[in-house]
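Trainee: Need the 3D shape of this:
(chains A and B)
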There are 2 protein chains.
Amino acid sequence: MQQVVIVGGTHGNEFTGAYLIKKFDRHPHLIQRSHLQVSTLLANPKAFAANRRYIERDLNRCFLTEDLQNPTLTSYEDQQAKWINQTLGPKGNPQVDFILDLHSTTTNMGLTLLLPSLHPFNLRLAAYLSTLHPLVKVCSLNTDRESSVLRSLTPLGCVIEVGPIAQGTLDATLFQQTETLIHATLDYLNAHNQSTPLPSPTELTLYQYLEPLDYPRNDQGELLAMIHPQLQFQDYQPLNPGDPMFLTFEGDAIAYSGSHTVYPIFINEAAYYEKGVALCLTERVTMTI
Amino acid sequence: MQQVVIVGGTHGNEFTGAYLIKKFDRHPHLIQRSHLQVSTLLANPKAFAANRRYIERDLNRCFLTEDLQNPTLTSYEDQQAKWINQTLGPKGNPQVDFILDLHSTTTNMGLTLLLPSLHPFNLRLAAYLSTLHPLVKVCSLNTDRESSVLRSLTPLGCVIEVGPIAQGTLDATLFQQTETLIHATLDYLNAHNQSTPLPSPTELTLYQYLEPLDYPRNDQGELLAMIHPQLQFQDYQPLNPGDPMFLTFEGDAIAYSGSHTVYPIFINEAAYYEKGVALCLTERVTMTI
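Mentor: This is a model prediction of the structure:
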């Protein structure tokens, strides 16, 4: 666990990570640790300069192995992904050990750690970070399919997803809380490398990804409803069968029709309207590590 | 006061107004009134389809008379402004009497009425609407300079600015509250035309625009600070000399250095980072109408 990369600006209009990278580049001593090699990456500088999520294609969906190896994919983001794969990867046999990718969201997900897998190292790190602030939540995206996100270049690592923050803005409180989480992560990795691991609880509350749900739409794909007021900003709160989920523009409530209680996240994420995602369902589990 | 136009989507990523226009177009009876001719306009359909504020140039800065008459201005938004000026205007001698332009903001401005002038008719309407909901605030942008916004095509009218809403998202509560304000405005105008004016208070609290303030920046124009946590979402609250206004990325507070209490609005508006505006100062006055 020697080589650590902190990544920001993978999405150009998520300012928190991008401005943290710029801060660390001005003050490199902040991220120096005795037993780590820490570097930074502003992943999509062109999109950051344009204040857009991406220029041609979502960079954080460009990291499938077959796409990285496909010479016919030549968009700006595909080129950028291939360059990042050369610099940090290659995927499957990377030069770096741990990627910490900084994102923000318009949803009320607080300080969310998105884990790529249930690898015990990731779980212990997440359990440690969970003790630092009540807003820290741990979510696992563990699936059978290969991930296409930047962070998937390394087996270990974490996405920090903070919100609510409107795209193209900074929130000073969440900026500082994110920086605190980064320092705690580096401290944890550094202590691990010194064989003096920081103590972490043996129980972890984990929100395990189930499936995305789209908005009701008409045949042309146009929205027919909004997130219901009772669900807005209620990320990580239980959603029970029969609870209101959407509100049509005409004012009619649409209930959650599932058969058991779920815990929605990414409720009303701006970037997911175009992806056909109104919210993502998770189940809440308690794990013993 | 016969011809009324409700405008949405002047900024393509401000969904509240755009989806209200689409709703009214599906259900035209909702905006019919006995003594009014009400129509709708989705002002920047190309930007709405692209989920961007604008394609080439901010449409809501394209309505200076000299720009509308300048044949060398040929951007998409300049062309759109000229078409809107032909359809609703021309500016100075318009075909319509009253424009209600629907906007949203990432700031905590609630249900703000932006008045173009202190015309008694606008003030009475605003005073009436103020009685309907505690979130309604009235702000005057009255200046000596010609306005470049779409709404300036007519002497009378109003901008409804609702927030906080992240760009590219809908908030169901604010959607419904905005619709309620629109209906109340139409009812007020309709009653006026029937010579049975709806009663409005004789006192009005008005936030009178003073000046914009930019973020601290370096020589390259890069941000050096964020809105201070104590000021974030505090639109319309008093800001006193010495109160913290910004927080540098290094964690140092920067105080408001003015000589008297002001009431900031548009605090941390996403669309204003590029315009060099961190917040706008207003003074609070009580007017007798």
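
Trainee: Please report how far the residue lying closest to A:P120 once chain neighbours are set aside lies from B:P164.
Mentor: Of all residues not flanking A:P120 in the chain, A:I289 sits nearest, at 6.7 Å (Cβ to Cβ, 6 or more residues apart in numbering or on different chains). (Glycine included, C-beta is placed from N, CA and C.) Separation of A:I289 from B:P164 (Cβ to Cβ, to the nearest Å): 38 Å.

Trainee: higher neighbour count, the two?
Mentor: Of the pair A:I289 and B:P164, B:P164 is the one with more neighbours under other Cβ atoms under 10 Å in any protein chain shown, namely 21 against 14.

Trainee: Report pLDDT for the residue lying closest to the more buried one once chain neighbours are set aside.
Mentor: Distances taken as Cβ to Cβ, 6+ apart place B:N108 nearest to B:P164, at 5.0 Å, with adjacent residues excluded. At B:N108, the pLDDT value in this model is 98.

Trainee: and B:N108, how many neighbours does it have?
Mentor: By the criterion of other Cβ under 10 Å, B:N108 has 17 neighbours.

Trainee: show me the contacts for it.
Mentor: Taking Cβ atoms under 8 Å, 6 or more residues apart in numbering or on different chains, we find B:N108 in contact with B:G163, B:P164, B:F233, B:Q234, B:D235, B:I267.

Trainee: thinking again about what came up before, go ahead and confirm the residue nearest to A:P120 touches A:L206.
Mentor: No - look at A:I289 against A:L206 with Cβ atoms under 8 Å: they stay out of range, at 9.9 Å.

Trainee: between these two, what contacts are shared?
Mentor: Counting by Cβ under 8 Å, 6+ apart, the contacts common to A:I289 and A:L206 are A:L123.

Trainee: List the contacts of A:D243.
Mentor: Contacts of A:D243 by Cβ under 8 Å, 6+ apart are A:Q230, A:L231, A:A255, A:Y256.

Trainee: what about the last one, distance to A:F24?
Mentor: It refers to A:Y256. When distance is defined by Cβ to Cβ, A:Y256 is 42 Å away from A:F24.

Trainee: ok, now the first one?
Mentor: If you measure A:Q230 against A:F24 using Cβ to Cβ, the figure is 40 Å.

Trainee: Pick out whichever of the two has more residues nearby.
Mentor: Under the neighbour definition other Cβ under 10 Å, A:Q230 and A:F24 were set side by side, and A:F24 has more, 20 against 15.

Trainee: Can you say which two of the contacts of B:N108 are spatially most distant?
Mentor: B:G163 and B:Q234 (13.0 Å; Cβ to Cβ).

Trainee: Now do the longest helix that chain A contains: which elements does it pack against?
Mentor: Under DSSP state H, the helix in chain A containing the largest number of residues is helix A:172-193. Contact here means 3 or more Cβ pairs under 8 Å, 6 or more residues apart in numbering or on different chains; DSSP states H and E; on that basis helix A:172-193 packs against strand A:3-8, helix A:15-26, strand A:98-104, strand A:110-115, helix A:120-130, strand A:156-163, strand B:225-227.

Trainee: give me that answer again for 6 Å
Mentor: helix A:120-130, strand A:156-163 (3 or more Cβ pairs under 6 Å, 6 or more residues apart in numbering or on different chains; DSSP states H and E).

Trainee: Look up how far A:I267 lies from the residue lying closest to A:Q167 once chain neighbours are set aside.
Mentor: Closest residue to A:Q167 apart from its sequence neighbours, by Cβ to Cβ, 6+ apart: A:N13 at 4.2 Å. Per Cβ to Cβ, A:N13 is found 19 Å from A:I267.

Trainee: of these two, who's got more company?
Mentor: A:I267 (27 against 24).

Trainee: And A:G9, how far from A:I31?
Mentor: 16 Å.

Trainee: and those two? which has more neighbours close in?
Mentor: Comparing A:G9 with A:I31 by other Cβ under 10 Å, the one with more neighbours is A:G9, at 28 against 21.

Trainee: Ramachandran angles for the more buried one?
Mentor: Backbone torsions of A:G9, given as degrees, to the nearest 10, read phi 70, psi 20.

Trainee: From B:W83, how far off is it?
Mentor: 37 Å.

Trainee: Can you report how many residues neighbour A:R61?
Mentor: 16.

Trainee: now A:P120
Mentor: Look at A:P120: counted by other Cβ under 10 Å, it has 9 neighbours.

Trainee: Just the pLDDT for it.
Mentor: pLDDT for A:P120: 93.

Trainee: what does A:R145 give?
Mentor: On pLDDT, A:R145 comes in at 89.

Trainee: for it, helix, strand, or coil?
Mentor: Following DSSP: H, G, I helix; E, B strand; the rest coil, the label given to A:R145 is coil.
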